[in-house]
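In: build me a model:
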Amino acid sequence: MKIYELRQEQLLNISREEAWNFLSNPNNLNEITPPSLKFRIVNEIAPKMYSGQIIKYMVEIIPGIKQTWLTEIKNVKEGSYFIDEQRFGPYKFWHHQHIIEKLQGKVNMIDIVNYGVPFGILGRLVHKLFIRPKLIQIFNFRFEYLKKKFNS
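Out: Next up, the predicted model:
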């Protein structure tokens, strides 16, 4: 299986505590996800992420086709980072690091996503044509949302 990486960094004009409070609240996932995905959390969740937490949501991966996505919050270091991993969903492998670094009175938010896609060589083709561009679109949406919310 080929493992791909997507990395994005963003400087936010907020304190580390404010960044952490927003990003570690699973209820804010809907705000930072493009409406086209019709993202919806379908299980009861705590308002603060913790190691071992399971989050189950529905996403519309392409118009008319919904997918259940189950992730586990694997590791949390309060105020610094958390990691989510897919347990069930559209990817063969998904490991997403959310890192918050203090930087000159601001925060640098870093996302590192390592992921693999199913279906071998066909999956690689679909990755190039659809999956990678869609992931970039999703992370660009989030970048713009956070820029408006915290840097305006």
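In: quick check, central residue of the protein?
Out: Closest residue to the average C-alpha location of the chain: residue 96 at 6.6 Å, with CA atoms, centre = their mean.
In: run through the residues that contact that residue.
Out: 83, 84, 85, 111, 112, 113, 114 (CB atoms under 8 Å, 6 or more residues apart in numbering). C-beta: built from backbone N, CA, C; applies to glycine.
In: give me that answer again for 7 Å
Out: Shown in contact with residue 96 (CB atoms under 7 Å, 6 or more residues apart in numbering): 83, 84, 111, 113.
In: measure the third one to residue 67 for me?
Out: Okay, so that is residue 111. Shown here: residue 111 relative to residue 67, a distance of 21 Å by CB to CB, to the nearest Å.
In: quick one: which of the two has more around it?
Out: Comparing residue 111 with residue 67 by neighbour count (other CB atoms under 10 Å), the higher total belongs to residue 111, at 17 against 14.
In: mind checking the SS state of the more buried one?
Out: Classification of residue 111 using DSSP: H, G, I helix; E, B strand; the rest coil returns strand.
In: the nearest residue to it once chain neighbours are set aside - how many residues pack around it?
Out: Sequence neighbours aside, residue 8 is the residue nearest to residue 111 in space, at 4.8 Å (criterion: CB to CB, 6 or more residues apart in numbering). By the criterion of other CB under 10 Å, residue 8 has 15 neighbours.
In: what's across from the residue nearest to the centre of the chain in the sheet?
Out: residue 84, residue 113 (DSSP bridges).
In: now the closest residue to residue 81 other than its chain neighbours: phi and psi?
Out: Leaving out its chain neighbours, the residue that sits closest to residue 81 by CB to CB, 6+ apart is residue 99, at 4.5 Å. Main-chain dihedrals, residue 99, degrees, to the nearest 10: phi -120, psi 140.
In: how many other residues sit next to residue 99?
Out: Look at residue 99: counted by other CB under 10 Å, it has 16 neighbours.
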